[in-house]
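> Here is a sequence with its predicted model. Questions after.
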Amino acid sequence: ALSQVWRDGEVVHQATSEVWDYDQNGVKLIQQDPYQIIPGRDIVKFVCYYDTPYDDLIFGQETLQEMCIDVLWYYPAISKKLGYCGPDFNVEAECGEPYVPSMAEKGVDRTFGVVHDGTCARASGIAPCFSGRNSVLTADRGYIRMNEVNIGDMVLVGQNEFSLVYSFGHYNNMSSTDYLQLHAVGLEEPLEISKEYMVFIRHQQRQDTAVPASMVAIGDKL
């Protein structure tokens, strides 16, 4: 993956990641020194290369498809709300240039580093989080199941705060897995999550604690 800043036709800043391990799925932080963006002159460009033996794999939102997202932190805050830029998954993209997929030859100048020596099957290594039976609150459709959420929905993410769904980090409706069911006062249906997923336990005398769902005990307050 390449995250670049272009100025007057030249790359003036670049961050790269040559390693991606499916079993260590998550956000990969690239530590950088601060740098300045010149408005109206600089262009941010993000490029991902995929090295896969499967000719039928395409870019998409499902777990078994290829995906890549660049998240940038900036300062100071600006009044304009920054939007999503990328492939049009029923979301109005705010890109300076259109998304262009292309096939790269095997000789492309990429390293494609390896994290471990283990071999994973194509559909293995999926770390489940939530069951599609769980409910979320949307701005315009009320409570719906997670398997009914669409790209472009606005879902509740905080106290009276809704956020746009622009991607599915994990989405797989072709495999089965085991979930825990947490029954709690105020929930019409149990919460179905993986035993490794972290939840917060509320305490009266000290700060809330994040623990794996498997450690939740009867009497705990979530």
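Here it is on my side, so go on. On a predicted model such as this, the values are computed, not experimentally measured, just so you know.
> quick one: pLDDT of Glu94?
Looking at Glu94, its pLDDT reads 69.
> Parallel or antiparallel, list what pairs with the helix or strand containing Phe200.
Per DSSP states H and E: Phe200 is located in strand 198-201. Here strand 198-201 has these sheet partners by DSSP bridges: strand 209-212 (antiparallel).
> Identify all contacting residues around the strand holding Phe200.
182, 193, 208-213, 216, 220-222 (C-beta atoms under 8 Å, 6 or more residues apart in numbering). No exception for glycine: its C-beta is placed from N, CA and C like everyone else's.
> again, 7 Å this time
Contact partners of strand 198-201, identified using C-beta atoms under 7 Å, 6 or more residues apart in numbering, comprise 208-213, 216, 220-222.
> Which of the residues you listed are buried? Put it as a ChimeraX command.
Those of those that count as buried under 16 or more other C-beta atoms under 10 Å are selected in ChimeraX with:
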select :213,216,220
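> Widest-spaced pair of the contacts of strand 198-201?
The largest separation in the contacts of strand 198-201, counting by C-beta to C-beta, is between Pro212 and Lys221 at 16.5 Å.
> could you dump the strand holding Phe200 to CSV, C-alpha only?
Output in CSV follows, covering the C-alpha atoms of strand 198-201 (Å, rounded to 0.1, in the frame of the first residue of the first chain):
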residue,chain,number,x,y,z
MET,A,198,-14.0,-6.9,24.1
VAL,A,199,-16.9,-5.4,26.0
PHE,A,200,-16.9,-2.8,28.8
ILE,A,201,-17.9,-3.7,32.4
